[in-house]
Every structure is written in structure tokens, then in C-alpha cells.
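Asker: A predicted structure for the sequence below; I have some questions about it.
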Amino acid sequence: MNNISGNLVAAMIPILLGLLSILSFLIYALFRLKSTRLIRIKIWRIIFGDSEYSDPVLQRFSRENHDIDRFRVTHGVDAHSVADLRKLITWMKRYGVSDTELRKVCRWVQPAEEKVLHPMTVARIAATATSTFIVYCLSAMTLFTTTSSTTLLTMRESHTSFLTDGYEVRSKLPNTWKFSATSCAKHVTPSSSTTGFNDREIGLICPALADGSFKKAADEGLKIQRRALVAISVILFITSFIGYTTILSTRRARILLNRVEKIQSTVC
């Protein structure tokens, strides 16, 4: 039925989510690096080649920054200088912190500060846990919505949106107006002033319900709708999983901090 168009927003959602995924990866990469320096170096080498500095001082400076960037990527620690890294290694040896333990709590490590570990407070943990649970519930609800047999379509001329399963056409609001095979057979159908459709569209609805045109349009709309809802559900689930890993990481950091503080109190 040429007078019916699928919901443009729903059709665009998978594309937008794909772009959002790429953008999220880039943001994560920058968050992990804590700097755009490595990206700028890669661009420089692509354009101008792999030449190094000729000045010995600059060579040493470049190697030190390379070591810092490498440590940031491999360990996720926000270090700003070689001195920070050396201080961190000394701290690890003093309190018996293994490399594996450091990687698991890396986001809470600040080697430049006097107090190296800075896990979330109890209040922030509670807020993060609550928001994570809410996002997870939204993910489950969105996934459950994919079982719906009703989709949202729009008339091309009047731009009026409506819900349909291919057998009925009804308002987006419950119990407002409805077209069905029974109402069409009895010639009892809503008016244009009630539905927002123009007279031509109203005249096409009943024949389209009878010959299966609405069913084809509904099936196509459902395909787009389900793909979009699954994509949204996946994004929400990933977000909730990140929240869960954040809580788990800060819990490990708090346990490690308690261990460090006990050693400090024993030494004192």
C-alpha cells in the first residue's frame, strides 16, 4: 500500500546505533589512553613516515612518553610521568600488590597523588547500583517488547501515525478509534476529524485490510521495529554490564585499600 510508510525514526535507529557503537569505541579508547597523543603520532607516521627525532634529548623525551602511553594502555592507570610509574611500582612492592590486582582496580589508581587508591564512596556505589539495576530492567523490558505483534506506521499524505497488526488499524491512544474487518463490513468507521486521516486514506483502509496490504506493511514494519528494539536492548544491557563491572572493580579497590591501611597501621 503506497499510502503507508514505516516509521522513519525506527528505520534509522539501527544506523544510528551503529554510528553510536563506533563513537563509543573511540571514546573508550581515548578514556583508556587518557590522551590523544598516540592517535596523533599514528596520523603523523601515516603521512610523513616512521622517522624519529634526531636530537638526543627529544629522543629520550619521546621514549619516556611512549613508555607512559604503553603503561596506560596495558594497565589502564592514569600516569602522567615516569616518576609516577616508579612511585606506583614502589607502592606495589611495599604493600604486596600484584600486577593482576593492579589491572583489576586500575580505574581507581592515581599514582601522582599521596593516596594512590581512590575507590568510590558507599553513596556513589549505591547510586551506581541503583542506576545499573534500572538500566538492566529497561533492557529486559525492551527485549520483551520485541514479541509485540503491533507496529507503528504513518500515512504518507496526512502524516498521521497509527498502530496496526495487519488486521486492525487503531489509534496510538487506547480505546480512541479503530478500523477492523467487522467495522468495515458494517460500514461503521471513524471519521477524518476523529482519526486525522484524510477522506482518501479512510476510503483505502478497509480495502487494504481486506486484500492483505496492511498485513504486508505491518510485517515489514515489525521487522524494522524488532531489529531496532533488539539493538536498543543490547546497548542497554552493555551499559548495565559496564555498571556492574564498575561496582565489582570499586569493591576490589576498597578491599585492597583496607589491606593497605592495615599494613600502614601495623608499620606505624
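Answerer: Great, that's in hand.

Asker: and residue 78, backbone torsions?
Answerer: The phi and psi values for residue 78, taken as degrees, to the nearest 10, are phi -80, psi 80.

Asker: Count residues in the vicinity of it, would you?
Answerer: Residue 78: 18 surrounding residues under other CB atoms under 10 Å. Bear in mind the C-beta positions are built from the backbone N, C-alpha and C, glycine included.

Asker: Distance check, it against residue 67.
Answerer: Distance, residue 78 to residue 67, by CB to CB, to the nearest Å: 15 Å.

Asker: Can you find the helix or strand in this protein with the smallest mean pLDDT?
Answerer: strand 4-6 (a mean of 51; mean pLDDT, DSSP states H and E).

Asker: can you pull the contacts of residue 126?
Answerer: By CB atoms under 8 Å, 6 or more residues apart in numbering, the contact set of residue 126 is empty.

Asker: Please, which helix or strand holds it?
Answerer: Residue 126 belongs to helix 122-145 when elements are defined using DSSP states H and E.

Asker: State the next helix or strand along the chain beyond that helix.
Answerer: Counting by DSSP H and E, what follows helix 122-145 is strand 151-155.

Asker: partner strands of that next one, parallel or antiparallel?
Answerer: strand 4-6 (antiparallel), strand 161-164 (antiparallel) (DSSP bridges).

Asker: Select the longest helix from this structure.
Answerer: For the chain, the longest helix by residue count, based on DSSP state H, is helix 213-267.

Asker: what's it packed up against?
Answerer: strand 4-6, helix 8-33, helix 82-95, helix 99-104, helix 122-145, strand 151-155, strand 161-164, helix 199-211 (3 or more CB pairs under 8 Å, 6 or more residues apart in numbering; DSSP states H and E).

Asker: And these, which one averages the lowest pLDDT?
Answerer: Of all these, the minimum mean pLDDT falls on strand 4-6 (a mean of 51).

Asker: tell me, how many neighbours does residue 175 end up with?
Answerer: Neighbour number of residue 175 under other CB under 10 Å is 7.

Asker: and residue 163, how many residues sit next to it?
Answerer: 19.

Asker: ditto for residue 62
Answerer: Residue 62: 14 neighbours (other CB under 10 Å).

Asker: Give me the residue at the spatial middle of this protein.
Answerer: The centre of the chain sits closest to residue 235, judged by CA atoms, centre = their mean, with a distance of 4.3 Å.

Asker: pLDDT (mean, whole number) over the longest helix of the chain?
Answerer: Mean pLDDT, helix 213-267: 88.

Asker: looking at the protein, which residue lies furthest from center?
Answerer: Most peripheral residue of the chain (CA atoms, centre = their mean): residue 186, 49.2 Å.

Asker: Which residues are in contact with it?
Answerer: Neighbour list for residue 186: empty [criterion: CB under 8 Å, 6+ apart].

Asker: Show the pLDDT at it.
Answerer: pLDDT, residue 186: 80.

Asker: What distance do you get for it to residue 179?
Answerer: 11 Å.

Asker: same check, this time on residue 162
Answerer: Noted for residue 162: a distance of 9 Å to residue 179, by CB to CB.

Asker: Of the two, which one has the most company?
Answerer: Neighbour count, other CB under 10 Å: between residue 162 and residue 179, residue 179 has more, with 25 against 22.

Asker: still on that earlier bit, buried sites along the helix holding residue 126?
Answerer: Neighbour counts using 16 or more other CB atoms under 10 Å place 125, 128, 132, 135, 136, 138, 139, 142, 143 of helix 122-145 among the buried residues.

Asker: can you list those in CSV and add distance to residue 83?
Answerer: Below are the buried residues of helix 122-145 laid out as CSV (distance: CB to CB, whole Å):
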residue, distance to residue 83
125, 32
128, 32
132, 37
135, 40
136, 42
138, 45
139, 44
142, 48
143, 49
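
Asker: Please consider this matter closed, and thank you.
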